[in-house]
Structure formats: structure tokens, C-alpha cells
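Asker: Based on what follows, work out the 3D shape:
(4 chains)
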Number of protein chains: 2
Amino acid sequence: MLEIKAAPLLKYIKKYISLTNEEEAFLLSKLNYRKYLKGQYVVQQGDVCKQINFLISGCTKTFFLDDKGQEHIVLFAIEDWWTSDIGSYITQSGSDFNVQCIEDTEVIQFQYDYEEELYKEIPKLERLFRKMLEKALVSSQKRIVGNFSLSAKEQYLQFKKQYPTIEQRVPQYMVASYLGITKEFLSKIKSQLALES
Amino acid sequence: MLEIKAAPLLKYIKKYISLTNEEEAFLLSKLNYRKYLKGQYVVQQGDVCKQINFLISGCTKTFFLDDKGQEHIVLFAIEDWWTSDIGSYITQSGSDFNVQCIEDTEVIQFQYDYEEELYKEIPKLERLFRKMLEKALVSSQKRIVGNFSLSAKEQYLQFKKQYPTIEQRVPQYMVASYLGITKEFLSKIKSQLALES
DNA sequence: AAATGAAGTTAAACTAGTTTAACTTTTACG
DNA sequence: CGTAAAAGTTAAACTAGTTTAACTTCATTT
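Answerer: From the prediction side, this is the model:
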């Protein structure tokens, strides 16, 4: 069962490191599969994040609520991406973010409690996680750069270009939240762009 | 020579992993010490970043120039911090950022060309780098959250609280650039804050 | 001590993006 | 199918932050 479900994860892992059959079996024995329905929470603000999740199918948003109760989307995730509150997971402290499913979503979970054991048995996994973190850091920095130097319109165009499939899958007001603007203003931008072309 | 200079780095490393004497000696043999003067560049936009730098003393800013030639500071670094363009270093492609010294600065450098060799000889270093990346990712995400939900005044107060020593060491217009606002507006915020208290 | 330039301040006119509110379109579902 | 709720649009009034420009203060060099 898990073997089949985990196929996309193994494929992903093999891009970074190679595993022997025994290592693969050991790894699988420490993972678990879980299915969430649209609307369900994978992580809730305040909870300690006990796992990181590899998406097999579906789509999630990572967001937080500010003082005024406003939702701010930090990240989307789709198939072959990871999601969790990495800060909470690392420090095992209360999460700053919510991760909620925008579609029915299947994940493979790495448990925090097994992490040390996994590294001990398969030291190569340190390399895998290092590479994953490197990628995450680079895209996080890209986001900061975008926020800094681009107008809302430019950021929207960049978002479309960078994540063409996501725009089709999530409602527009969530795209606005991701861009850090109001849905009304995104609407205005889109009608401007429609006129231009 | 390097042994003495590298003491702060070894102290830093020991917070994450422990090294035998041989490992320490091997590591030191692959590092190098370098001194930069105020104004000099550690990394230049466009160059491939061949090393990551641990600051022994001094202060640097990481910034990029936008289309209009405007400077945007992404990060400061002081003693016991790392600096480089991690994206360029990882992918060995042209850097998006400049790293320039705001004070005379001493660094210990990890060379990209020795990285594999180091990991092979001292696999524990993978863990060290993983932990460093985790920390960097968390603070990068914190920055995104701040950008999103705080007004310029709130961001400034948070910056002061988070990096109390940096404000004293860098000119105010660089703080403004870090916050993503103009120096004029930061000046206004400061005079407002002075009135309030 | 004078002189030059770099850093910081103030204020008026401006603009990108927000707020509010009324309206339309699309989706979900009994 | 019809209806309610969710998502998206439009426009007017507003605000946080920018731009420009003139001025002051501070630091550095001669």
C-alpha cells in the first residue's frame, strides 16, 4: 500500500541521492500516508508541527492571521512539493502558520520523532534534507527580492510565469493574498492587463 | 595563524556538532582567512559565488540593484554570522546580489571546490550545514511575514528589537533600504516616535 | 579653520494600493 | 431546477509611503 503511494516521493528523492533496497524499505517503514479533505488543516497555528509533508496529490496554502484577523498566504504547495511550518518543526515550538488543503490532498509524512533514527540508519538523508533546504531558502529569498523591487502588477505577472498551474487551481482572492494585495486591487490589475493586450 | 583566527568559527561549529582533533585539523586545512577593507566587495552581482564566509569581525550588507539602479539591502551580517549569495553558491551561477563591507571585515571562507571533499572526510558537516540552512530559512520566512503584515513603523521597531547592535553600526539610509522604505520616510517615522514618547 | 561632501531632516505635491460599499457572476447543493 | 452563498468587479474616497527639492548637520580632508 504505502509502497505504491510513495512512488512519487521515491522518484523525487532519487533526484538527490540513491538508496539501496534495504535503505528504501527502512525509510518506507518510517513514513506514513495520509489523506486530507478540502478545507482540512495539515498544521494549525499554535500547534507544534510534528511532521513534514510531501504532496502526492492536491494543493495546500500556508498562511497566518495578523492582529486584525486578516489572512496572509505565504506559500502554496502542489504535487511534488513539501509543506509544513519548518520553523515550528525544527524548534518543536508552536507554529506561526496554518497549512490548509485547498483541494483533497494526499501526503507522505516524515515524523519528527523518527528523524534522528533515520539519519543514523541512512546518513545520506542529511544530504537530501540539506539540498531541500537549500532550494527552499533560495525561493524564500526570491520572494523577498520580488516584494522589494516589483510593483503589484509586476509581481502578479511574475507569479503567473513562475507558477502557471497554481493560478488555475486557486481562487483569485487567494492569489491576491499571496501577492500581499487586496482582491479588489488584483481585479483592477487584471482588467488593466486585459485592456493593454 | 589560521588556528587563532578561526577560533570563533570553531566555537560556532561546536554548538551544532563535535569534531575530533584530526577532523578539526582537516577542516582548518581547507579553510582560508581573508581580510577586506571597508567598501570592498566580498561578492559582486553577476560573479559566481565560490565561497561562503563566516564573519570574524566587521559588518557587511547584501544588496541588489533594481532596474532603476536603486539599491535594496536584503541582509546585514556581523560577527558570528554567515554571508554569501547562497543561491549563486549552490547552483554555481551568476550572483543576484552584492556583498559589500560596511566596516573593515575579517572572514573565514569555505571554498565550494572543497565542499565535497569535506563532506566525504567529515560527514557530520552535512548536519552542520543542514542546521545552518534551517536557521537561515526560518529567518528568511520571518522577513516575509514582517513585510506582509507590518506597517513601516512596526517593521522598524521590530528591526531595532531584533538587531539592536546593527542600528548603531550602519547609516540610517541603509536601515531604510533594508526596511524597503525611503530614507525620508524613515526620518519621518523616527521624528514621530520621538514625539510619542 | 575652511571647505567639501556625505548623511539626515522637513515639507509639499503626488501615486500605488486600501477601504468601503453596492453590484454581478459563478458555484454548490437541497 | 432554484436559491443561497462564495467569488469577483467597479468606482469613489482615502492613506501610507514616494518624489522632489531645499535646507541642516556631521565628518573628513587639506
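Asker: and A:N32, which of the three is it?
Answerer: Under DSSP: H, G, I helix; E, B strand; the rest coil, A:N32 falls in the strand class.
Asker: Any residues of chain A in contact with chain B? List them.
Answerer: By CB under 8 Å from any CB of the partner chain, the residues of chain A that approach chain B are A:64, A:66-67, A:70, A:72, A:74, A:86-87, A:90-91, A:96, A:119, A:123, A:126-127, A:129-130, A:133-134, A:136-138, A:140-145, A:147-149, A:180. Where you see a C-beta, it was placed from the backbone N, CA and C, and this is true even at glycine.
Asker: Keep only those that also lie close to DNA strand C.
Answerer: When CB under 7 Å from any atom of the strand is applied, the members of the residues of chain A next to chain B adjacent to DNA strand C are A:G180.
Asker: Narrow the residues of chain A next to chain B to those in strands?
Answerer: Among those, DSSP state E puts A:64, A:72, A:74 in strands.
Asker: ok so, going back, of the residues of chain A next to chain B, buried ones?
Answerer: The neighbour count (16 or more other CB atoms under 10 Å in any protein chain shown) marks A:64, A:72, A:74, A:86-87, A:90, A:96, A:119, A:126-127, A:129-130, A:133-134, A:136-138, A:140-141, A:143-145, A:147-149, A:180 as buried among those.
Asker: Return, as residue ranges, the portions of chain A with sub-threshold pLDDT.
Answerer: A:1, A:197 (pLDDT under 70).
Asker: longest helix anywhere in it?
Answerer: helix A:124-149 (DSSP state H).
Asker: Counting by contacts, list what it packs against.
Answerer: Judged by 3 or more CB pairs under 8 Å, 6 or more residues apart in numbering or on different chains; DSSP states H and E, helix A:124-149 is in contact with helix A:112-121, helix A:152-162, strand B:71-78, helix B:86-91, helix B:124-149.
Asker: Now tabulate the ones you listed in a markdown table and tack on distance to B:Q40.
Answerer: Below are the helices and strands packed on helix A:124-149 laid out as a markdown table (distance: least, CB to CB, whole Å):
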| stretch | distance to B:Q40 |
| --- | --- |
| helix A:112-121 | 40 |
| helix A:152-162 | 33 |
| strand B:71-78 | 14 |
| helix B:86-91 | 18 |
| helix B:124-149 | 24 |
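Asker: The longest helix of chain A vs strand B:71-78, what angle?
Answerer: 140 degrees (axes from the mean of the first three to the mean of the last three CA atoms, to 10 degrees).
Asker: What residues does chain A have near DNA strand C?
Answerer: A:151-153, A:180-182, A:184-185, A:188.
Asker: domain ranges for chain A?
Answerer: Partitioning chain A according to automatic domain parsing yields domains covering residues A:2-132, A:150-197.
Asker: Deepest-packed of those, please.
Answerer: domain A:2-132 (a mean of 17; mean count of other CB atoms under 10 Å in any protein chain shown).
Asker: centroid residue for chain A?
Answerer: Geometric centre of chain A, nearest residue: A:T83, 3.3 Å, by CA atoms, centre = their mean.
Asker: Excluding sequence neighbours, find me the nearest residue to that residue.
Answerer: Excluding its sequence neighbours, the residue lying closest to A:T83 (CB to CB, 6 or more residues apart in numbering or on different chains) is A:A77, at 4.0 Å.
Asker: and if you look at A:P123?
Answerer: B:P123 is the one closest to A:P123 (CB to CB, 6+ apart), at 5.9 Å.
Asker: what sits against the nearest residue to A:L65 once chain neighbours are set aside?
Answerer: In this structure, A:L65 finds its nearest non-sequential neighbour in A:E71, 5.9 Å apart by CB to CB, 6+ apart. Each residue near A:E71 by CB atoms under 8 Å, 6 or more residues apart in numbering or on different chains is listed here: A:63-65, A:177.
Asker: Can you tell me how far A:E71 is from B:F76?
Answerer: Counting by CB to CB, to the nearest Å, the separation of A:E71 from B:F76 is 31 Å.
Asker: likewise A:F54?
Answerer: Taken as CB to CB, the span from A:F54 to B:F76 is 35 Å.
Asker: Now distance to B:F26 too, for the contacts of A:E71, in CSV please.
Answerer: Shown next, in CSV, are the contacts of A:E71 (distance: CB to CB, whole Å):
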residue, distance to B:F26
A:F63, 46
A:F64, 44
A:L65, 49
A:S177, 49
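Asker: from those, which is closest to B:N21?
Answerer: Proximity of the contacts of A:E71 to B:N21 (CB to CB) peaks at A:F64, which lies at 46.2 Å.
Asker: Run a quick check on that closest one versus A:H72, I expect a contact.
Answerer: Yes: contact criterion CB atoms under 8 Å: A:F64 and A:H72 qualify, at 5.7 Å.
Asker: Quickly list what's touching both of those two.
Answerer: B:145, B:149.
Asker: that older thread, ok, the contacts of A:E71 vs DNA strand D, which is closest?
Answerer: Nearest to DNA strand D among the contacts of A:E71: A:S177, at 9.8 Å, using CB to the nearest atom of the strand.
Asker: just curious, which of the ones in strands among the residues of chain A next to chain B is nearest to B:Y112?
Answerer: Proximity of these to B:Y112 (CB to CB) peaks at A:V74, which lies at 30.3 Å.
Asker: Helix or strand: which one has the closest residue to that closest one other than its chain neighbours?
Answerer: Counting by CB to CB, 6+ apart, the nearest residue to A:V74 once its immediate chain neighbours are dropped is A:T62, at 4.9 Å. Take DSSP states H and E as the rule and A:T62 turns out to sit in strand A:60-65.
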